[in-house]
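>>> pasting the sequence and the predicted model now:
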Amino acid sequence: MRVAEGKTLMIVEDFYGIRRSIEKMGIAMGFEILLAADLETAKKLVLYNRKPDIALIDINLPDGNGLDFVYDNQEYFKDTRIAIVSQAVNRDTFTAGYHIWIRDFLAKPFEPKKLEELLQKFLVEKSIKDSAALAKC
């Protein structure tokens, strides 16, 4: 199941149990993992690590809003597939996310199979995009 070798997954989630379950699945799939429980840590990851291929970001974090974080760091995330993982998934969330190119939302609590399907979908989309970019060279 290590289909994500060489890919990076960023997890920004304040609840330890959810962060840990996403991390375990990411490791099992072969992702390099970047973990943050708050936006301050996420910002450091943004500044000092390679850009993630995929980011799963909660909205309501102890020190701010995950959607605002993505918006404020758009240049960093321009090639990153992003999903919002939150209990606060509603029409306003969809609208706000749509305006910053977020098309995927995973409502908490979620089934592990839904998380795996989302990660697999992102890997396929990333692979297609990377292949198209190579073809242009």
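Yep, it's here.

>>> check contacts around the residue nearest to Ser86 when sequence neighbours are not counted.
Counting by Cβ to Cβ, 6 or more residues apart in numbering, the nearest residue to Ser86 once its immediate chain neighbours are dropped is Ile59, at 4.2 Å. For glycine as for every other residue, the C-beta is placed from the backbone atoms N, C-alpha and C. Residues near Ile59 by Cβ atoms under 8 Å, 6 or more residues apart in numbering: 65-67, 84, 86, 88, 93.

>>> mind running it again at 6 Å?
65-67, 84, 86, 88 (Cβ atoms under 6 Å, 6 or more residues apart in numbering).

>>> now Gly66
The neighbours of Gly66, taking Cβ under 6 Å, 6+ apart as the test, are 57-59.

>>> leaving out the residues flanking it, which one is nearest to it?
Ile57 is the one closest to Gly66 (Cβ to Cβ, 6+ apart), at 4.1 Å.

>>> surely that neighbour is in contact with Asp14?
No - checked against Cβ atoms under 6 Å, the pair Ile57 and Asp14 is beyond contact range at 10.8 Å.

>>> for Gly30, which non-adjacent residue is spatially closest?
With sequence-adjacent residues excluded and distances taken as Cβ to Cβ, 6+ apart, Gly30 is closest to Arg2, at 3.5 Å.

>>> what of Phe122?
Of all residues not flanking Phe122 in the chain, Arg81 sits nearest, at 4.3 Å (Cβ to Cβ, 6+ apart).

>>> would you map the strands across the protein?
Per DSSP state E, the chain carries strands over the ranges 8-12, 32-36, 54-57, 60-61, 64-65, 81-86, 104-107.

>>> redo these as JSON lines? Include mean pLDDT and mean neighbour count.
JSON lines is the format used below for the strands of the chain (pLDDT from 0 to 100; neighbours: other Cβ atoms under 10 Å):
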{"stretch": "strand 8-12", "mean pLDDT": "96", "mean neighbour count": "25"}
{"stretch": "strand 32-36", "mean pLDDT": "96", "mean neighbour count": "19"}
{"stretch": "strand 54-57", "mean pLDDT": "95", "mean neighbour count": "26"}
{"stretch": "strand 60-61", "mean pLDDT": "94", "mean neighbour count": "18"}
{"stretch": "strand 64-65", "mean pLDDT": "94", "mean neighbour count": "16"}
{"stretch": "strand 81-86", "mean pLDDT": "89", "mean neighbour count": "23"}
{"stretch": "strand 104-107", "mean pLDDT": "87", "mean neighbour count": "16"}
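
>>> appreciated, that's everything.
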